[in-house]
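Peer 1: here is my input, please return the structure:
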Amino acid sequence: MGTVIVTYKIFPEDIMETFDDLKKEIQTKLPKTSEISGYGEEPVAFGLKALLVQVRFPEEESGLVDTLEQALGTLKGVSQVQTLMVRRSSR
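Peer 2: Numbering: from 1, shown residues only. Take a look at the predicted model:
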């Protein structure tokens, strides 16, 4: 079976110098069958940056993409979460 790779864009409520604390909190919200593939940052405006998180899910489990998006939106300091890209990988 393959995997599904999802990129989430997480907008903070305010300007953050680093996303280290937020990254640790994201780890606590991950389903046990998923893993983070990588992080990135994207400038938004006036010093505000969004955190990009790439997560790998097993293809056979359904509903995990939306469930994680909702869970990430409940984190302290997060104003909004968007699912940017969903793609399938055979690896």
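Peer 1: next SSE after the helix or strand harbouring Lys49?
Peer 2: Using DSSP states H and E, Lys49 sits within strand 48-58. Using DSSP H and E, the next helix or strand after strand 48-58 towards the C-terminus is helix 64-73.
Peer 1: residues making contact with that next one?
Peer 2: Helix 64-73 is contacted from outside by 4, 6, 8, 10, 26, 29-31, 33-34, 53, 55, 57, 78, 80-81, 83, 86, using Cβ atoms under 8 Å, 6 or more residues apart in numbering. Heads up, the C-betas are built off the backbone N, CA and C, glycines and all.
Peer 1: just to revisit the earlier point, which strands border the strand holding Lys49, and is each parallel or antiparallel?
Peer 2: When pairs are called by DSSP bridges, strand 48-58 turns out to pair with strand 3-12 (antiparallel), strand 35-45 (antiparallel).
Peer 1: how far off centre is it?
Peer 2: What separates the centre of strand 48-58 from the centre of its chain is 3 Å, taken as Cα atoms, centre = their mean, to the nearest Å.
Peer 1: do stretch 23-33 as well
Peer 2: Worked out by Cα atoms, centre = their mean, stretch 23-33 lies 9 Å from the chain centre.
Peer 1: what does stretch 53-69 give?
Peer 2: On Cα atoms, centre = their mean, the centre of stretch 53-69 falls 10 Å from the chain's centre.
Peer 1: for it, list every residue counted as buried.
Peer 2: Across stretch 53-69, burial judged by 16 or more other Cβ atoms under 10 Å covers 53-57, 64-65, 68-69.
Peer 1: quick one: mean pLDDT for it?
Peer 2: Regarding stretch 53-69, the rounded mean pLDDT is 91.
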